[in-house]
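**Student:** A structural model of the following input is requested.
(one chain, ligands or ions: 1)
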Amino acid sequence: MAEAPAPTPAADAALRFSRASVGYAGRTVLHGVDLRVEPGQALALVGPNGAGKSTLIKAVLGMAQLLGGSLTILGHPPAGARGLAAYVPQVDSLDADFPVSAGQVVLMGRYRHSGWLRPPGRADRRIAAEALARVGLADRARDRFGLLSGGQRQRVLLARAIAAQPRLLLLDEPFNGLDAPSQEEILRVLADLRAEGTALVVSTHDLTIARDACDTVCLLNGRQYAFGPAERTLSPALLRETYGSQAVELPGGRTVLVEP
Ligand SMILES: Nc1ncnc2c1ncn2[C@@H]1O[C@H](COP(=O)(O)OP(=O)(O)OP(=O)(O)O)[C@@H](O)[C@H]1O
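**Tutor:** Numbers count the residues shown, from 1 in each chain. This next block holds a predicted model:
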């Protein structure tokens, strides 16, 4: 009798939260997080200010505490996932006066490969130069980072993360205050990275980007309100539940977010 084939173990998700609570100094700021992102998929984190979007991203990076449940990155806990994930911070969270060139910022993305004490080698410099070219800024390597436009600085930060060659890329409001060309350039690069199998987590207030550029959406406001395909999750009813009166439904069924 032919032997039954051994069951194939399910491939590890790029990111998985199971009934997770996260916070700081023992205090939970976000609970009930249950989601999964597959390689090559993009997840949008959507919720009002203070909802916990950045905290969820920081938990993946080991910068916020996991206070309950579980969290794995390609099957590893955050402490064992060094090098698998890279982070693109909000551009206005960085000191623009920091006296470094755009090329030097991107090269920082290679330090986890070369180590902080060893100077980056030729291969590191080539990978960093390719990353800068990928975001359309090959000719700006020598420009001072702080003198670039906000959109260009955001693209340099994306290049720094790409240079780290991550399997999971986390972006904290990458489109905030960006000019249209920079936004389009970033969306194009993100689509290419997904096609190569990189998983993305993007926090955003932009419902159009969440719907058009992401497969799944997680609605957050101190807890997870919904997680699932973008077209189902971005419904007027779920947005109103998450945002309260900040979510306004327009004639035609479109929902927009307004400041309180
Ligand atoms: N380092 C920290 N220590 C303690 N509490 C923090 C820390 N960072 C954020 N918080 C708190 O955690 C909660 C969630 O904040 P978080 O920055 O994750 O929200 P967010 O959804 O990213 O908001 P925004 O859209 O305004 O960036 C807030 O109440 C905030 O005050």
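
**Student:** Quick one: mean pLDDT over stretch 170-183.
**Tutor:** Stretch 170-183 shows an average pLDDT of 89 in the prediction.

**Student:** Buried residues in that stretch, which are they?
**Tutor:** For stretch 170-183, a neighbour-count test (16 or more other CB atoms under 10 Å) marks 170, 171, 172, 173, 174, 175, 178, 182, 183 as buried. Every residue, glycine included, has its C-beta placed from N, CA and C.

**Student:** Where strands are concerned, which of those count?
**Tutor:** With strands taken from DSSP state E, the overlap with the buried residues of stretch 170-183 comprises 170, 171, 172.

**Student:** now the strands for the stretch 101-250 of the chain?
**Tutor:** With DSSP state E, counting those that start in this stretch as the definition, the stretch 101-250 of the chain shows strands at residue ranges 168-172, 199-203, 216-220, 224-229, 247-249.

**Student:** ranking the ones you listed by burial, who's on top?
**Tutor:** Of all the strands of the stretch 101-250 of the chain, strand 199-203 carries the top mean neighbour count, a mean of 26, counting by mean count of other CB atoms under 10 Å.

**Student:** With distance to the ligand added, can I get the strands of the stretch 101-250 of the chain in TSV?
**Tutor:** Below are the strands of the stretch 101-250 of the chain laid out as TSV (distance: least, CB to the nearest ligand atom, whole Å):
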stretch	distance to the ligand
strand 168-172	7
strand 199-203	6
strand 216-220	7
strand 224-229	12
strand 247-249	15
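
**Student:** Let me see the contact set for residue 141.
**Tutor:** The neighbours of residue 141, taking CB atoms under 8 Å, 6 or more residues apart in numbering as the test, are 101, 102, 103, 106, 129, 132.
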